[in-house]
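Trainee: Give the three-dimensional model of this entry:
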Amino acid sequence: MKLQVTQENLNKALGIVARVANARGTLPILANVLIKTVDNRLSISATNLDIAITQHIGAKVAEEGAITVPARLMQDFINSLPSGVIELKLEEHKLHITTDQYQSVVNGVLADDFPVMPAIQSREAGNEQSRSWTINAAILKKGLQQVIMAASSDESRPVLTGVLLQTTEGQLYAAATDSYRLAEKNLGKNSEDVRLLIPATAIQDLLRILGDYDGAVMVTHDDQQILFQANDVDLVARLIEGKYPDYRKLIPSQFAVEARVKRADLVNVTKVSSLFARESAGSVTINVDDAKNELSIRSVASQLGENTAAASGTITGSGSITLNSRYLLDALHAFGGDEVSFCFNGKLEPTLLRDPGNDDYSHIIMPLKS
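Mentor: Numbering: from 1, shown residues only. Model prediction:
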């Protein structure tokens with residue numbers, strides 16, 4: 001292998017890919033990145049066996065080849081080099097890295113030993129489970145950002161550690177729940193029959209890859225894996241097996257109490273109240289009063305004191321409910337509109353937050369026992 005590549009392109013590629021490399025895994029080679037030439041370009045790959053990311057970058061290739069090198073060392077070293085052209089030359093298993101001012105040699109491991117995620121076979125190749133479709137990157141990114149905070153980090157219930165992508169009546173939805181809260185986003189029309197449970201860790205990597213990219217994302221999947229292709233980057237992830245809960249049964253269709261308030265006002269009163277709620281694991285009591293036309297939040301800390309803060313709005317019905325203030329803040333930050341509707345029935349039933357001017361996003365929070 002012998003080629004030239006710019007420091008900027010190589011550094012960016014390593015930044016995207018190397019974070020997947022796992023130095024604490026049972027296979028030492030998983031701490032490496034695979035560098036190889038493909039169709040007169042350079043591809044940089046890393047995997048932890050559940051997720052694999054490959055970035056393709058332009059290069060001036062004189063000789064084809066492939067090698068794996070330590071991800072952390074390579075990333076830190078290339079990042080520290082000045083901008084300009086870098087020459088990579090492979091001699092046996094040593095990668096020679098040369099610039100105008102630096103000459104370095106990195107000991108590699110043969111590329112043959114690097115584990116590769118199996119490719120998703122197409123329908124034409126006989127895989128009847130294979131599907132492909134495209135979605136706008138900006139829509140996908142915003143939707144995933146609005147639901148991912150509700151995914152669980154508890155590995156004892158693997159299905160809840162994922163984000164569900166599914167089609168219902170020709171619409172594609174993203175949803176996540178940890179059984180204490182639930183977020184669902186309508187991502188728009190999709191004619192394919194989709195039901196995919198994607199690890200939240202893979203979604204986080206995908207969000208980093210998408211960045212400011214606003215082109216099309218190609219999605220290919222079968223019953224075991226999913227491939228996202230965007231902006232010269234490929235991300236492959238193993239799907240989570242198991243039956244996702246029928247979460248739509250949790251969402252009430254009618255509410256006895258609804259407070260329509262400015263989102264910024266509700267964020268402010270929740271933030272202030274949460275300061276007094278640290279002692280009680282974030283517990284705050286929300287009171288909605290249609291006589292006063294206001295929503296108030298009360299928090300009590302036996303050692304510190306207590307606080308009540310109110311926001312005025314358009315109120316229907318009266319009642320109170322106790323919620324986790326952190327969950328409430330997470331939900332409020334996920335909305336983009338100026339107003340938010342805060343809806344509930346009894347104090348032990350789910351609370352729904354939604355944008356009164358746009359019904360494509362719903363956020364459910366389960367109450368605490370006051």
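
Trainee: use CA for all of it now, contacts and neighbours both
Mentor: Fine.

Trainee: How about the contacts made by residue 344?
Mentor: Applying CA atoms under 8 Å, 6 or more residues apart in numbering to residue 344 gives the contacts 255-258, 350-352.

Trainee: Please name the bridge partners of it.
Mentor: Using DSSP bridges, the bridge partners assigned to residue 344 are residue 257.

Trainee: so after the helix or strand where residue 182 lies, what's the next helix or strand?
Mentor: Using DSSP states H and E, residue 182 falls within strand 181-189. Next in sequence after strand 181-189, counting helices and strands by DSSP H and E, comes strand 195-199.

Trainee: For that next one, give me every contacting residue.
Mentor: By CA under 8 Å, 6+ apart, strand 195-199 touches 159, 161-167, 226, 237-241, 244.

Trainee: now with 10 Å?
Mentor: Applying CA atoms under 10 Å, 6 or more residues apart in numbering, the external contacts of strand 195-199 come out as 50-51, 151, 158-168, 172-176, 221-226, 237-244.

Trainee: Can you say which of these are buried?
Mentor: For the contacts of strand 195-199, a burial check counting by 16 or more other CA atoms under 10 Å picks out 50-51, 151, 159-167, 172-176, 221-223, 225-226, 237-240, 244.

Trainee: Mind checking which of those residues land in strands?
Mentor: 51, 162-167, 172-176, 221, 225-226, 237-238 (DSSP state E).

Trainee: now the biggest strand by length in the chain: how far from the chain's centre is it?
Mentor: In the chain, with assignment by DSSP E, the single longest strand is strand 305-316. In terms of CA atoms, centre = their mean, to the nearest Å, the centre of strand 305-316 is set 33 Å apart from its chain centre.

Trainee: Tell me the strands beside that strand, with direction?
Mentor: According to DSSP bridges, strand 305-316 has the following sheet partners: strand 257-262 (antiparallel), strand 294-301 (antiparallel).

Trainee: Please list the outside residues in contact with whatever helix or strand comes next after it.
Mentor: For strand 305-316, the following helix or strand on the C-terminal side (DSSP H and E) is strand 319-324. Applying CA under 10 Å, 6+ apart, the external contacts of strand 319-324 come out as 180-181, 256-258, 274, 277, 280-290, 295-299, 344-351, 365-370.

Trainee: Please name the bridge partners of residue 226.
Mentor: Beta bridges link residue 226 to residue 221, residue 237, judged by DSSP bridges.

Trainee: Kindly provide the distance from it to residue 88.
Mentor: Using CA to CA, to the nearest Å, residue 226 is found at 32 Å from residue 88.

Trainee: now residue 133
Mentor: For residue 133, the distance to residue 88 - CA to CA - is 37 Å.

Trainee: Then residue 241?
Mentor: 41 Å.

Trainee: do residue 40 as well
Mentor: For residue 40, the distance to residue 88 equals 14 Å [CA to CA].

Trainee: and what of residue 255?
Mentor: Distance from residue 255 to residue 88, by CA to CA: 64 Å.

Trainee: The two - which one has more neighbours?
Mentor: Neighbours were counted for residue 255 and for residue 88 using other CA atoms under 10 Å; residue 88 has more, 18 against 15.

Trainee: can you tell me the helix or strand for the closest residue in space to that one that isn't next to it in sequence?
Mentor: What sits nearest to residue 88 in space, not counting adjacent residues and going by CA to CA, 6 or more residues apart in numbering, is residue 97, at 4.9 Å. Under the criterion of DSSP H and E, residue 97 resides in strand 94-98.

Trainee: distance between the helix or strand where residue 269 lies and the chain's centre?
Mentor: For residue 269, the element it lies in under DSSP H and E is helix 263-275. Counting by CA atoms, centre = their mean, helix 263-275 is centred 25 Å from the centre of its parent chain.

Trainee: Perfect, I'm done here.
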